[in-house]
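Peer 1: I need the structure of the sequence given here:
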Amino acid sequence: MMPESNGAKEPKGLGFFEKYLTVWVALCIGIGILLGRFAPETAKYLDSLSVFIGEAPVVSIPIAVCLFFMMYPIMVKIDFAEVLKAGKNIKPVSLTLLVNWAIKPFTMYAIALFFLGTLFLAFIGPDAVDLVKMPFSLDLPVGATYGVGTVVMEGGVKMLEVPLWRSYLAGCILLGIAPCTAMVLVWGYLAKGNDGHTLVMVAINSLSMLFLYGPLGGFLLGVGQLPVPWEALALSIAIYVAFPLVAGYLSRKLVIGAKGEEWFNKKFVHYLTPVTITALLVTLVLLFSFKGEVILTQPLTILWIAIPLFIQTVLIFTLGYVLAKRIHLTYEDAAPSAMIGASNHFEVAIATATILFGLSSGAALATVVGVLIEVPTMLLLVKICLRTRGWFA
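Peer 2: Predicted coordinates for the structure are as follows:
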């Protein structure tokens with residue numbers, strides 16, 4: 001049995017921001033589209049505020065700031081002492097690691113490849129192309145090829161021109177290798193799961209990302225004949241996973257030492273909750289200020305990307321739920337275990353897509369679609385859990 005409590009929990013259900021997340025996301029999409037249409041220079045100026053390596057823009061500073069504030073509130077909740085205790089309970093730990101790292105990335109790749117590369121290809125446009133960042137260690141002449149990409153000059157900057165559907169595939173891959181989010185705590189609570197178990201499984205997956213996210217992402221992007229900017233991948237993990245993790249660990253120790261664990265859980269964590277979503281929404285405004293034209297001219301693009309993401313979510317949930325039953329987990333542990341696998345760590349996926357392929361890339365758009373379907377899909381799965389609770393009796 002996992003610990004019944006660990007202090008960093010006490011979810012209160014869906015708060016104001018979480019309850020209407022789909023509405024806020026839709027509003028930010030609208031604002032971003034209007035910004036891109038009527039004030040395109042504003043968004044372009046913000047994106048130009050970048051850290052450069054050579055002549056290549058590597059890290060967009062406004063996006064990096066937003067993404068740090070997405071990740072930090074998640075990382076500060078991790079209690080490493082509870083993670084160590086969880087290692088003694090091998091069944092749920094093995095289940096979450098198996099589903100999230102040995103199965104989920106590969107089913108996401110296969111499903112996205114089938115839908116985007118075959119079934120929906122005629123709708124997306126077999127000849128449609130996308131411009132993505134050049135790997136910053138690469139210096140190829142214009143006209144050279146790299147994977148399925150061709151080097152072109154765009155606005156005085158070398159870019160890779162790749163098939164648009166493969167750019168969407170890259171975004172799906174990055175979602176598939178990023179399991180669980182802080183919102184899993186809310187889903188687990190609504191499903192009447194074991195909150196302590198949920199948080200520990202989230203922590204284990206967050207730590208696993210440090211070591212598995214880069215190799216798996218590079219491998220699957222390579223299989224998909226997409227550019228594999230290993231240096232950018234490593235930099236992305238350092239900036240968006242390792243740095244917030246270290247900052248969260250240190251500040252957690254300092255705050256608990258100064259104010260006590262009760263104040264940390266009831267006040268500090270509570271104040272941080274809207275920070276993550278606010279930073280996410282600001283990032284979405286920037287993302288959609290670049291993709292507005294695509295959405296206006298091809299509104300079904302969102303649907304082509306959302307369908308494989310929805311199928312993947314339901315498939316992974318079903319697999320995790322059935323396996324939890326087979327290894328005799330209680331319902332309280334089984335429900336959050338299944339939802340952790342089904343849910344995506346879309347903050348990391350957006351961050352990585354942005355730094356690897358660019359703010360205006362199709363890959364970044366695909367990760368944003370992951371946010372769009374997250375809330376309604378997970379609420380559906382919560383209802384399924386509650387209706388099948390007796391199955392574990």
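
Peer 1: can we go C-alpha only for contacts and neighbour counts from here?
Peer 2: Fine.

Peer 1: Low-confidence ranges, the stretch 251-393 of the chain, go.
Peer 2: Within the stretch 251-393 of the chain, the segments meeting pLDDT under 70 span 287, 290-295, 297-298, 347, 393.

Peer 1: sec struct for Ile29, please.
Peer 2: helix (DSSP: H, G, I helix; E, B strand; the rest coil).

Peer 1: right, I mislabeled it, should have said Asp127
Peer 2: Per three-state DSSP, Asp127 ends up coil.

Peer 1: Val142 now?
Peer 2: Assigned with three-state DSSP, Val142 falls in the coil class.

Peer 1: What's the local residue count around it?
Peer 2: 13 (other C-alpha atoms under 10 Å).

Peer 1: Packing partners of the strand or helix carrying Ile384?
Peer 2: Using DSSP states H and E, Ile384 maps to helix 362-387. Applying 3 or more C-alpha pairs under 8 Å, 6 or more residues apart in numbering; DSSP states H and E, we find helix 362-387 packed against helix 21-38, helix 164-176, helix 184-190, helix 269-297, helix 301-326, helix 331-342, helix 346-357.

Peer 1: can you rerun that using 6 Å?
Peer 2: helix 164-176, helix 346-357 (3 or more C-alpha pairs under 6 Å, 6 or more residues apart in numbering; DSSP states H and E).

Peer 1: With mean neighbour count and distance to Tyr271 as extra columns, can I get the ones you listed in a markdown table?
Peer 2: Converted to a markdown table, the helices and strands packed on helix 362-387 look like this (neighbours: other C-alpha atoms under 10 Å; distance: least, C-alpha to C-alpha, whole Å):
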| stretch | mean neighbour count | distance to Tyr271 |
| --- | --- | --- |
| helix 164-176 | 29 | 27 |
| helix 346-357 | 27 | 19 |
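
Peer 1: can you pull the pLDDT of Cys172?
Peer 2: Residue-level confidence at Cys172 comes out at 93, pLDDT.

Peer 1: Show me which positions of the helix holding Ile384 end up buried.
Peer 2: 362-375, 378, 381-382, 385 (16 or more other C-alpha atoms under 10 Å).

Peer 1: again with stretch 89-102
Peer 2: Buried, per 16+ other C-alpha under 10 Å, within stretch 89-102: 92-93, 95-97, 99-101.

Peer 1: measure the residue most central in space within the chain to Thr283 for me?
Peer 2: In the chain, the residue lying closest to the centroid (C-alpha atoms, centre = their mean) is Phe346, at 1.8 Å. To Thr283, Phe346 is 12 Å away according to C-alpha to C-alpha, to the nearest Å.

Peer 1: Tell me where the stretch 101-250 of the chain has helices.
Peer 2: 104-114, 121-124, 164-176, 184-190, 195-223, 230-237, 243-259 (DSSP state H, counting those that start in this stretch).

Peer 1: So which of these has the densest surroundings on average?
Peer 2: helix 164-176 (a mean of 29; mean count of other C-alpha atoms under 10 Å).

Peer 1: what's that helix packed up against?
Peer 2: helix 104-114, helix 362-387.

Peer 1: Show me what the mean pLDDT comes to for the first one.
Peer 2: pLDDT averaged over helix 104-114 equals 94, rounded to a whole number.

Peer 1: How far away from the center of its chain is that helix?
Peer 2: When distances are taken as C-alpha atoms, centre = their mean, to the nearest Å, helix 104-114 is centred 16 Å away from the chain's centroid.

Peer 1: now swap in stretch 325-345 and tell me
Peer 2: With C-alpha atoms, centre = their mean, you get 19 Å for stretch 325-345.

Peer 1: What are the buried residues along it?
Peer 2: 329-345.

Peer 1: for it, how far is the first residue from the last?
Peer 2: Stretch 325-345: ends 25 Å apart by C-alpha to C-alpha.

Peer 1: Could you export the helices and strands packed on helix 362-387 as TSV, including distance to Thr313?
Peer 2: Output for the helices and strands packed on helix 362-387, formatted as TSV (distance: least, C-alpha to C-alpha, whole Å):
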stretch	distance to Thr313
helix 164-176	9
helix 346-357	13
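
Peer 1: List just the one of these that sits closest to Ile124.
Peer 2: helix 164-176 (6.8 Å; C-alpha to C-alpha).

Peer 1: what separates the closest one from the chain centre, distance-wise?
Peer 2: 12 Å.

Peer 1: Contacts for that helix next, please.
Peer 2: 105, 108-109, 116, 128-130, 349, 362-363, 366-367 (C-alpha atoms under 6 Å, 6 or more residues apart in numbering).

Peer 1: nearest to Gly156, of the residues you listed?
Peer 2: Asp130 (16.7 Å).

Peer 1: My read is that that closest one contacts Val162, right?
Peer 2: Yes - judged on C-alpha atoms under 6 Å, Asp130 makes contact with Val162 at a distance of 5.4 Å.
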